[in-house]
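Asker: here is my input, please return the structure:
(chains A and B)
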2 protein chains.
Amino acid sequence: MLPFLDAAAPAAHDGGAQLVLALAIILAAAKLGGDLSERLGQPAVLGELLAGVLLGNLDLAGLGWFRGLTANTTLVGLADVGVVLLLFEVGLESTIHDMRQVGWRSLIVAVLGVITPWILGYGVGVLLLPNHSPYVYLFLGATLTATSVGITARVLRDLGRSQTPEARIILGAAVIDDVLGLVILAVVGNLILAANSGTEASLGAVSLLVVKAVGFLFGALWLGTLVSPRLFGLTARLRGSSLLLVTALVFCFLLAAGAGLMGLAPIVGAYAAGLILERVHYQSFSDRGEQHLEELVRPISGFLVPIFFVMMGLRVELAGMLDGSQLGLAMALIVAAILGKQACALGGLGTTLDKLSIGIGMIPRGEVGLIFASLGLTMMVHGERIVDPAMYSTIVLMVLVTTVLTPPALKWRFGRQSV
Amino acid sequence: MLPFLDAAAPAAHDGGAQLVLALAIILAAAKLGGDLSERLGQPAVLGELLAGVLLGNLDLAGLGWFRGLTANTTLVGLADVGVVLLLFEVGLESTIHDMRQVGWRSLIVAVLGVITPWILGYGVGVLLLPNHSPYVYLFLGATLTATSVGITARVLRDLGRSQTPEARIILGAAVIDDVLGLVILAVVGNLILAANSGTEASLGAVSLLVVKAVGFLFGALWLGTLVSPRLFGLTARLRGSSLLLVTALVFCFLLAAGAGLMGLAPIVGAYAAGLILERVHYQSFSDRGEQHLEELVRPISGFLVPIFFVMMGLRVELAGMLDGSQLGLAMALIVAAILGKQACALGGLGTTLDKLSIGIGMIPRGEVGLIFASLGLTMMVHGERIVDPAMYSTIVLMVLVTTVLTPPALKWRFGRQSV
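Answerer: Here you go, the predicted model:
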C-alpha cells in the first residue's frame, strides 16, 4: 500500500475486509466448538461459548487480536441482532394462548427466583464480607437475581424441547424476571442515592418505571395481536422480494426497540413479537406458496446467533479470576446463585411438570448480572465502594460458571426424563 | 431512567435497541421505495436508493437523525456484509467455466472502459478548468474510471438477467476494473508524490501492487477450486446445524478478506468465491436433503442487501449540490462518465451480443469514485489542491446521477430486446 493511502481517512473504510475476516474466524470457531460439544453429548451452544473463551484468552499467549474483537461495535451489533432473532424464533414456536396457560406459574417462578438468590447473596455478604455496609450485601444479592434467557432458550432449541410446558414457564419467567430486574436496579439505585444525599428513597420513580414496563408488555401483546394480521395483509399487496421475511423482521425489530426504549431488554420485545405472530396472520403469503416464516428466519439466525455466543465467550477474562484470594467468595456466590434458583421449582408444585428442569433452566446469569456489577464499580455509599475490583471478578466468574453449567445440566435432566 | 444510570458507561450498551429501531426503519423504507419503483416499471433497487436519499435529506427539514445513521459503524458493517453477500450470490449463478468463455471480452471492456473516460475527464478539465495543473486533470479523469458493480449486479438480478452473456461480460469487466482502479490510484499517487519530492515515480511499487492483485485473483480461483470440494466434504461430517450455509459463508468471507488484504475490494473476493462454488462441491449436503445454497443465502441477502442500498442513498447530500456555479462542470463530467463507458460496447464487436446494454451496465460509478475524490481533497501538488470542495461536490453529483440512471436505462434496454 502506498504511504499516502494509509494516512488518508476515507481509505480507512476498507469495505469490510477486517469485518469479514473476523466473521469467518468466529463462524468457523463456533462450528468446530459446536461439533466437539455435540460429540461429547453436550448442546452445541456450550462449544460455541468455550470456543469464544479459548480465542479470547489467547491474549495470555500474546495473541490479543481476538479479545480486541469485543470492542468492535459492528460485531457487537451483529451479536445483538443475533440474540434478538433467537428470542423471536423461540417466540414464534409458541402462541400467546400457550403463554396464558402458564402465566401464573411463570410469575411465581420469576418472583421466587428473584427473592431467594437475593436473600442468599445478602447472606453470603454478611458471612464472608463482615466489614462492609448492608448496601454492599444488598447489591451483591441483586447481582444474582436476573436470569439470562439466551442460553436456556438456545439449549431448549438444541434439544428440541422449546415447546414443552416447562420451557414455556421458564421463558415466561425470564420475561417477568427482566421487569423485576429493572425494579431491583431502580430500588437499589434509589436507596443508595438516598443514603448519599440523606433523603428518603423515591417510591414514585420506581413505580413509574414498573408501570411503564408492564404497560408496554401488555400493550404490545394486545396491540400487536390486533395490528399483525392487518400489517401482513397490507404488505402482501406490495411488490418486491422477501416481503414476508422483511415484514416479520420489521415487526420484531420495532417491538424490540420499543422494549429497549421502555428500559427493558430488546430481547423481551423480540420474544413478544414471536409470541404474537401466528401462521394465520401471514396466510396470504403462504397461499402464494412462500416458505414458512420459521424457514426464512432460520438461515439468518444460523448466521448471527453463533456470533452472539462466541462474542459472549470472548469477553471472559480467565486471567484475573485464577488467583486464589477470592476463591471462597466466588464459590459461595456460585452456590448461592445455583441454589437460589432452585426455589423456582416450587412454581411447578401440584403438577406433573419436571420441577428440577425449571430450576436448572433458570440458573444462567448473563449480561444483566454483569451490568449490575459494572454499575456497582462506579457507585459509592458513605465513601465505600459498592463493588470493588476483586468482587467484580468473582461476579464475572459466577456468570461464567452458571452459563457454562446450564447446557450440560439441562441436557442431563431432559435425558433422564427421556422423550 | 434514574440519573446514575445515564452516567454509567456500561448502561450505554442498550442491547441493540437503537440499532434494531434503525434497522426497522431502513427495511420498511426499502420495501416501500421498492414497491413504488416496481409499480413505475423500474427495478426495486432504484426505489431503495431514492428512499435513502429522501430520508437522508430530511435534515434539510431539521430531521438529522437519519443522516446520522451513516456514521453508525454497525449499520455500515451490515451494509458491507450485505453487498459482499450480493456479489457472492451473483457469483453463485455463474461458474468459472462461464467466465472463461467471456474472459477476453471482459478484459477488453474493462480496459476500454477505463481509458476512454479517463481521456474524456482529462479533456473536461482542460476545457473547463483552464487555470489548473495537468495533475488535476489526470486526477479528475481517474475519478471517472471505476465501475461500481453493486448496482448493475442488483439490477440484472431484479430483471432475472444475471446469467446472460452480457451480464457475465459486465461482471467480469467490473472485477478487472477493480484491479485497474488500484493501478490507477497507485500510478497517479506515485506521480504526485514524485512531483512533490522532485524525484522519479517508482515503477517498482506500482508493479508490485498489480502483481499482488492479479496473483491473488488467479491464485484464489485455482486454489479455491481445489480446496472447495474437500472443505465441504469435511464439514459435511461435522455435527451441528446450518453447516452448509456457514461453511459457504466462511469460504466467501475468507476470500473477501483476502481480496481486501491485497488492496482489492472485498466484493471482488466474494464474487470469486461465488464463481468457484458449484453444487457438486456440496453434494454430500444435498444428498441429505438440505436446501440448495442459493435458497439458504437468499433470506440473509433479503435482509442485508436493502440496507446497503438505503445506506448508499443516505449518504447523498442534496444541499451543496444545488447551487448553480458548478453546474457546467457537473454536466460535462456526467456526460464524460456516461459516454466514456460506451466505448465498452466495442468489447461486443463481432458477436450478436447487445453492445448497448454492456455500455449501459458499466455506467454506474460508486464508492471507488468517491474514495478517489476524498483522497484528492487531501492531496497537494506545488501548493495547489488536487480536488477542491466545489469539484468534490460535482464528483459526488456524477456518482449520484450515474447510479440512479443505470437501473431505468438497463430496464429500458432489456425491455426492448424482449425476453
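Asker: nearest to chain B: which residue in the stretch 301-419 of chain A?
Answerer: A:G302 (3.0 Å; C-beta to the nearest C-beta). (Each C-beta comes from the backbone N, C-alpha and C, glycine too.)
Asker: quick check: the residue of the stretch 201-350 of chain A nearest chain B.
Answerer: For the stretch 201-350 of chain A, C-beta to the nearest C-beta, closest residue to chain B: A:G260, 2.3 Å.
Asker: still on that earlier bit, which helix or strand contains the residue of the stretch 301-419 of chain A closest to chain B?
Answerer: Per DSSP states H and E, A:G302 falls inside helix A:293-314.
Asker: immediately after that helix, which helix or strand?
Answerer: With DSSP H and E, the next secondary element past helix A:293-314 is helix A:327-342.
Asker: so what's the residue count around the residue of the stretch 301-419 of chain A closest to chain B?
Answerer: 23 (other C-beta atoms under 10 Å in any protein chain shown).
Asker: give me the nearest residue to it, chain neighbours excluded.
Answerer: Closest residue to A:G302 apart from its sequence neighbours, by C-beta to C-beta, 6 or more residues apart in numbering or on different chains: B:S242 at 3.0 Å.
Asker: and if you look at A:V387?
Answerer: Leaving aside its sequence neighbours, A:V387 sits nearest to A:G376 (C-beta to C-beta, 6+ apart; 3.0 Å).
Asker: A:G376: which element?
Answerer: Element membership for A:G376 (DSSP H and E) is helix A:367-377.
Asker: what does A:L156 give?
Answerer: With DSSP H and E as criterion, A:L156 is part of helix A:149-158.
Asker: show me the contacts for the residue lying closest to A:L19 once chain neighbours are set aside.
Answerer: Nearest residue to A:L19, sequence neighbours excluded (C-beta to C-beta, 6+ apart): B:G77, at 5.2 Å. By C-beta atoms under 8 Å, 6 or more residues apart in numbering or on different chains, the contact set of B:G77 is A:G16, A:L19, A:T73, A:T74, A:L75, A:G77, A:L78.
Asker: thinking again about what came up before, buried set for the helix holding A:L156?
Answerer: Buried residues in helix A:149-158, counted by 16 or more other C-beta atoms under 10 Å in any protein chain shown: A:V149, A:G150, A:I151, A:T152, A:A153, A:R154, A:V155, A:L156, A:R157, A:D158.
Asker: now do it, average pLDDT.
Answerer: What helix A:149-158 shows for mean pLDDT is 81.
Asker: SS state for the residue nearest to A:L19?
Answerer: The three-state assignment at B:G77 reads helix, by DSSP: H, G, I helix; E, B strand; the rest coil.
Asker: if I look at it, how far off is B:L69?
Answerer: 12 Å (C-beta to C-beta, to the nearest Å).
Asker: would you mind naming what in the stretch 301-419 of chain A lies close to chain B?
Answerer: Within the stretch 301-419 of chain A, the residues that sit near chain B (C-beta under 8 Å from any C-beta of the partner chain) are A:G302, A:F303, A:P306, A:E367, A:L370, A:I371, A:S374, A:L375, A:T378, A:M379.
Asker: hang on, isn't the last one packed against A:F372?
Answerer: No. In this structure A:M379 lies outside contact range of A:F372 using C-beta atoms under 8 Å: 10.4 Å.
Asker: neighbour-wise, which of these two wins?
Answerer: A:F372 (25 against 20).
Asker: could you find the closest non-adjacent residue to that one?
Answerer: A:T143 (4.4 Å).
Asker: A:P407 touches A:E48, doesn't it?
Answerer: No. In this structure, A:P407 is not within contact of A:E48 by C-beta under 8 Å, at 9.9 Å.
Asker: what touches both of the two?
Answerer: Joint contacts of A:P407 and A:E48 (C-beta under 8 Å, 6+ apart) are A:S37.
Asker: ok, those two, which is more surrounded?
Answerer: Taking neighbours as other C-beta under 10 Å, A:P407 and A:E48 compare with A:E48 leading, 31 against 25.
Asker: tell me the confidence at A:V419?
Answerer: At A:V419, the pLDDT recorded in the model is 45.
Asker: equivalent analysis for A:L129, please.
Answerer: Note on A:L129: pLDDT of 85.
Asker: how about the one 4 residues further on?
Answerer: Reading off the per-residue confidence, A:S133 sits at a pLDDT of 85.
Asker: that one reaches A:H382, doesn't it?
Answerer: Yes. With contact defined as C-beta under 8 Å, A:S133 reaches A:H382; the gap is 6.8 Å.
Asker: between those two, which has more neighbouring residues?
Answerer: When neighbours are counted by other C-beta under 10 Å, A:S133 comes out ahead of the other of A:S133 and A:H382, with 15 against 9.
Asker: any idea how far that one is from B:P165?
Answerer: 79 Å.
Asker: how about the contacts made by the residue nearest to A:F372?
Answerer: Here A:T143 is in contact with A:G121, A:R365, A:G369, A:F372, A:A373, A:G376, A:I395, A:M398 (C-beta under 8 Å, 6+ apart).
Asker: so which of these wins on neighbours?
Answerer: The most neighbours of any of the contacts of A:T143, using other C-beta under 10 Å, belong to A:R365, which has 29 neighbours.
Asker: that residue reaches A:A142, doesn't it?
Answerer: No. Assessed by C-beta under 8 Å, A:R365 is found out of contact with A:A142, at 11.4 Å.
Asker: between helix A:327-342 and the helix or strand harbouring A:L171, find me the angle.
Answerer: Per DSSP H and E, A:L171 falls inside helix A:165-197. Computed with axes from the mean of the first three to the mean of the last three C-alpha atoms, to 10 degrees, the direction of helix A:165-197 lies at 130 degrees from that of helix A:327-342.
Asker: what mean pLDDT does the helix or strand that comes right after helix A:165-197 have?
Answerer: Toward the C-terminus, helix A:165-197 is succeeded by helix A:203-235 as the next helix or strand (DSSP H and E). What helix A:203-235 shows for mean pLDDT is 85.
Asker: wait, does helix A:203-235 contact chain B?
Answerer: Yes. Applying C-beta under 8 Å from any C-beta, one finds helix A:203-235 touching chain B at A:A205, A:T235.
Asker: between that helix and helix A:293-314, how big is the angle?
Answerer: Here the directions of helix A:203-235 and helix A:293-314 differ by 140 degrees (the same axes, to 10 degrees).
Asker: and helix A:203-235, what does it pack onto?
Answerer: Helices and strands touching helix A:203-235, as assessed by 3 or more C-beta pairs under 8 Å, 6 or more residues apart in numbering or on different chains; DSSP states H and E, comprise helix A:165-197, helix A:243-261, helix A:266-276, helix A:283-287.
Asker: deepest of the ones you listed, which one?
Answerer: The highest average neighbour count among the helices and strands packed on helix A:203-235, using mean count of other C-beta atoms under 10 Å in any protein chain shown, belongs to helix A:266-276 at a mean of 29.
Asker: give the rounded mean pLDDT of it.
Answerer: 87.
Asker: try stretch A:388-401
Answerer: The average pLDDT within stretch A:388-401 is 81.
Asker: in it, what's buried?
Answerer: Judged by neighbour count using 16+ other C-beta under 10 Å, the buried positions of stretch A:388-401 are A:M391, A:Y392, A:S393, A:T394, A:I395, A:V396, A:L397, A:M398, A:V399, A:L400, A:V401.
Asker: please name the nearest non-neighbouring residue to A:R315.
Answerer: Nearest to A:R315 is A:T70, by C-beta to C-beta, 6+ apart, at 5.3 Å.
Asker: what pLDDT does the one you found get?
Answerer: For A:T70, the predicted pLDDT is 85.
Asker: ok, A:R239 next?
Answerer: 90.
Asker: quick one: the helices in the stretch 1-150 of chain A?
Answerer: Along the stretch 1-150 of chain A, the stretches classed as helices by DSSP state H, counting those that start in this stretch are A:3-7, A:17-39, A:44-56, A:65-68, A:73-92, A:96-128, A:134-142, A:149-158.
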